[in-house]
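In: coordinates only, no sequence provided:
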């Protein structure tokens, strides 16, 4: 099964485009966990996964939050990925890239050692930094195209032959998609650009769309511009607004309620 087949399967099974970001942060997690649990970070992730696995299409783990914990963080990544149900998409968000040989090692790390279904990749080095990831034909490489942060325009709006750079990147992503395993990262905070990128990439390519929730992305515009004609091929991520919604023993239930609400809100516009 390739990535797009797996994504389509879980979208239909759970009737969901929602991705929950498992971005652990001790300062935001329920304090009782660090007194009651011998493994508070994993117990936190496990509780979030167990309470939401039937209402999501994917989980996204931003690697920075795990790497900051050192060896414990790498172990935590492995345990968390193993706990994600096999039918649910697991995305490692590291925005990796380098020259070819180094990119190959990054790809081996996320796809072979950690076993993720997808990762995020920086296109700045061009094709030879992307191809080592794309050699994993049943995985997906989400290539940064129009990011959700406020200063994205510093470079991404610069024009090349009168065309904004982010559109040139989108055209390259389309060009690189020989194995049907490319995706694009496009922020919900830029709905007009999201519409343009979807038109460039067509309806078969998946988009990873951060920026909903704490970053203020509009759900209706995100769904309208980010999905294809079938209302699919979009993975809409929310992290802090879901996983840190509760701060006591019922935190997982509170997170589930937040996730259910957002899933319904997304589906309303599909």
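Out: Everything's here; your move. Since the model is a prediction, treat every value here as computed from it, not as a measurement. Numbering: from 1, shown residues only.
In: pull the residues that contact stretch 159-175.
Out: 123, 127, 143-146, 152, 155-158, 182, 184, 193, 196-197, 200-202, 205 (C-beta atoms under 8 Å, 6 or more residues apart in numbering). Every residue, glycine included, has its C-beta placed from N, CA and C.
In: in the stretch 1-150 of the chain, where is pLDDT below threshold?
Out: For the stretch 1-150 of the chain, no stretch has pLDDT under 70.
In: cool, the stretch 151-270 of the chain as well?
Out: For the stretch 151-270 of the chain (pLDDT under 70), the answer is 214.
In: which stretches in the chain count as helices?
Out: Under the criterion DSSP state H, the chain carries helices at the ranges 3-14, 33-36, 40-52, 63-67, 71-83, 100-107, 127-134, 153-156, 165-176, 191-201, 219-226, 240-243, 251-268.
In: and among those helices, the most buried is which?
Out: helix 240-243 (a mean of 22; mean count of other C-beta atoms under 10 Å).
In: residues contacting that one, please?
Out: Residues external to helix 240-243 that are found in contact with it (C-beta under 8 Å, 6+ apart): 20-23, 28, 44, 48, 52, 212-214, 255, 258-259, 262.
In: nearest to residue 14, of the residues you listed?
Out: Nearest to residue 14 out of the contacts of helix 240-243 is residue 52 (C-beta to C-beta; 9.8 Å).
In: who's in contact with residue 14?
Out: With C-beta under 8 Å, 6+ apart, residue 14 has these contacts: 54-57.
In: weed out the non-buried ones from the residues you listed.
Out: Buried subset of those (neighbour count, 16 or more other C-beta atoms under 10 Å): 55-57.
In: ok so, going back, the helices of the chain: which one's closest to residue 117?
Out: Closest approach to residue 117 among the helices of the chain is made by helix 3-14 (6.0 Å; C-beta to C-beta).
In: centre of the chain to the closest one, how far?
Out: Chain-centre distance of helix 3-14: 15 Å, with C-alpha atoms, centre = their mean, to the nearest Å.
In: again, but for stretch 52-60
Out: For stretch 52-60 - counting by C-alpha atoms, centre = their mean - the centre lies 11 Å from the chain centre.
In: and that stretch, how far apart are its ends?
Out: Length of stretch 52-60, first residue to last, C-alpha to C-alpha, to the nearest Å: 13 Å.
In: quick revisit: would TSV of the buried ones among the contacts of residue 14 with distance to residue 75 be doable?
Out: TSV is the format used below for the buried ones among the contacts of residue 14 (distance: C-beta to C-beta, whole Å):
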residue	distance to residue 75
55	28
56	24
57	26
